[in-house]
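Participant: model the following, please.
(one chain, ligands or ions: 2)
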Amino acid sequence: MKKTILTGLRPTGNLHLGHLFGAGESYLKLQDEYEFFLEIADVQGLTDNFNNPEKVRKNVKEITMDLLAIGLDPKKVHFFIQSKIPEIAELTVFYSNLVTVSRLERNPTVKAEIAQKKELFGNNGESITYGFLGYPVSQAADITIFDGEVVPVGEDQLPLLEQCREIVRKFNSIYGEVFKEPTAVLSNTKRIKGLDGNEKMGKSLGNAIFLIDSEETISNKIMNAITDPNKIKKDDPANPEICMVYYYHKLVNKENVENVCRECKGGDRGCVACKKELINAMNNFLNPIKERRKFYEENEQIVTDILKDGTKIAKQRAENQMKKIKEAMMINYD
Ligand code: TRP
Ligand code: SF4
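Facilitator: Ligands and ions are numbered 1, 2, ... in the order given. Below is the predicted model:
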């Protein structure tokens, strides 16, 4: 029997290159080795976007299509929608007794997010909702309702997994051994820098190339990318290591990257031509992904069915697990 792996994504925006080189590539490998549950975490998405339900609704399909476009195979991966599994919400309530408010406030991920919110909205404690503070509890329920053993996450999510393990230990010690303690595997060991040279590519940073960007958008973005500022004239020698154009050549133009490096250093390459070559390589890289995506856009019913089928399998699994949980907690009345 294959081990179960579970991960989730908030449906709050389209995927970009950071997701692709970070998480996406590791998902592609994992889908062959594990029974893979992939949660489209709409309920968690609403913790930050409760006043913008249209955004979450729209992005459920968008993000599913992005994930299919990068090559995740719906025969291997169970795509499901979080809100369609009410057992998750139920388990969240049970777990909420097993975690203290101060422990949640000390969770480094939550802490960092609260600090970020304060920076954005001012020092207003009232902006922190009960739902937001409790989302690690809900995420623990996401994972354990499927008996997830392995959880691929980014580094920023490790404290959430630690929190989940603590809740599991507490549950097992009080009610008996129901859950396995899940372990994390780092999925985005490769963090992609933004077009502006920022260490992180992100939607809110405005420095991302999205998988669905048009050729024109890609061209504009690359034309504006940060290069070696000391290179003024076309034949000035430059330092590719501080140039974002070179950085992306390394990712999507592997065949010619050595030439790019040598010619840049030798002053044999102008930045405009260099950017044009990158635009071309980027399109060659992204076009097959976009084509696959187009197929799903034109066959929306297939996407609906993939989500339905995955959700059905997830629901079955969650129901079985919930039976065991209720038995252990002595709230099985039938
Ligand atoms: N919190 C995760 C993120 O923002 C998304 C997520 C939801 C998740 N449920 C999960 C990740 C369960 C791992 C396991 O990226
Ligand atoms: Fe960057 Fe290319 Fe210009 Fe060198 S030639 S600085 S690699 S854009």
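
Participant: SS state for residue 185?
Facilitator: Secondary structure for residue 185, judged by DSSP: H, G, I helix; E, B strand; the rest coil, is strand.

Participant: which one is it nearest to, not counting chain neighbours?
Facilitator: Nearest residue to residue 185, sequence neighbours excluded (CB to CB, 6 or more residues apart in numbering): residue 152, at 5.0 Å. For the C-beta atoms, the positions are set from N, CA and C on the backbone; glycine is no exception.

Participant: I'd assumed residue 25 was in contact with that neighbour.
Facilitator: No: with contacts counted by CB atoms under 8 Å, residue 152 stays clear of residue 25, the gap being 11.0 Å.

Participant: how about the secondary structure of the residue nearest to residue 185?
Facilitator: In three-state terms, and counting by three-state DSSP, residue 152 is strand.

Participant: and the closest residue to residue 237 other than its chain neighbours, how far from residue 3?
Facilitator: Here the nearest residue to residue 237 in space, its sequence neighbours aside, is residue 267; by CB to CB, 6+ apart that works out to 4.0 Å. For residue 267, the distance to residue 3 (CB to CB, to the nearest Å) stands at 54 Å.

Participant: now do the end-to-end distance for stretch 246-263.
Facilitator: 11 Å (CA to CA, to the nearest Å).

Participant: go on, stretch 4-23?
Facilitator: 17 Å.

Participant: secondary structure element for the nearest residue to residue 215 once chain neighbours are set aside?
Facilitator: Computed as CB to CB, 6+ apart, the closest residue to residue 215 that is not its neighbour in sequence is residue 283, at 5.6 Å. Element membership of residue 283 [criterion: DSSP states H and E] is helix 271-298.

Participant: mean confidence for that helix?
Facilitator: On average, the pLDDT along helix 271-298 is 97.

Participant: what parts of the stretch 51-200 of the chain come near ligand 1?
Facilitator: 139, 142, 143, 151, 153, 157 (CB under 6 Å from any ligand atom).

Participant: now for the closest residue in space to residue 317 that isn't next to it in sequence: which residues touch it?
Facilitator: Of all residues not flanking residue 317 in the chain, residue 146 sits nearest, at 5.3 Å (CB to CB, 6+ apart). By CB atoms under 8 Å, 6 or more residues apart in numbering, the contact list for residue 146 reads 4, 6, 37, 314, 317, 318, 321.

Participant: so residue 146: helix, strand or coil?
Facilitator: Under three-state DSSP, residue 146 falls in the coil class.

Participant: out of residue 152 and residue 25, which sits in the busier spot?
Facilitator: Higher neighbour count among residue 152 and residue 25: residue 152, with 21 against 17, using other CB atoms under 10 Å.

Participant: now do the contacts for that one.
Facilitator: 5, 7, 23, 26, 27, 30, 184, 185, 186, 187.

Participant: phi, psi of the residue nearest to residue 317?
Facilitator: phi -100, psi 10 (degrees, to the nearest 10).

Participant: and it, how far is that from ligand 2?
Facilitator: 46 Å (CB to the nearest ligand atom, to the nearest Å).

Participant: and residue 281, by the same measure?
Facilitator: 12 Å.

Participant: so what's residue 141 closest to, chain neighbours aside?
Facilitator: Closest residue to residue 141 apart from its sequence neighbours, by CB to CB, 6+ apart: residue 91 at 3.9 Å.

Participant: single out the residue in the protein that lies closest to ligand 1.
Facilitator: Using CB to the nearest ligand atom, the closest approach of the chain to ligand 1 is made by residue 8 at 2.7 Å.

Participant: quick check, that residue in a strand?
Facilitator: Yes: when three-state DSSP is applied, residue 8 is found to be in a strand.

Participant: how many neighbouring residues does it have?
Facilitator: 23.

Participant: who in this protein is up against ligand 2?
Facilitator: Counting by CB under 6 Å from any ligand atom, the chain sits next to ligand 2 at 227-228, 231, 238, 240, 243, 245-246, 260, 264, 269, 271, 274-275.

Participant: neighbour-wise, which of the residues you listed leads?
Facilitator: Within the residues of the chain next to ligand 2, most neighbours by other CB under 10 Å means residue 264, with 26 neighbours.

Participant: ramachandran angles for it?
Facilitator: Dihedral angles for residue 264 - degrees, to the nearest 10 - are phi -60, psi -50.

Participant: surely it meets residue 235?
Facilitator: No: Residue 264 is not in contact with residue 235 according to CB under 8 Å; the separation is 11.0 Å.

Participant: which residue does the stretch 1-150 of the chain bring closest to ligand 2?
Facilitator: Nearest to ligand 2, among the residues of the stretch 1-150 of the chain, is residue 17, at 17.6 Å (CB to the nearest ligand atom).

Participant: next, count neighbours for that residue.
Facilitator: Per other CB under 10 Å, the neighbour tally for residue 17 reads 24.

Participant: what is the neighbour count of the nearest residue to residue 165 once chain neighbours are set aside?
Facilitator: Nearest residue to residue 165 in three dimensions, chain neighbours excluded: residue 181, at 5.0 Å (CB to CB, 6+ apart). When neighbours are counted by other CB under 10 Å, residue 181 registers 14.
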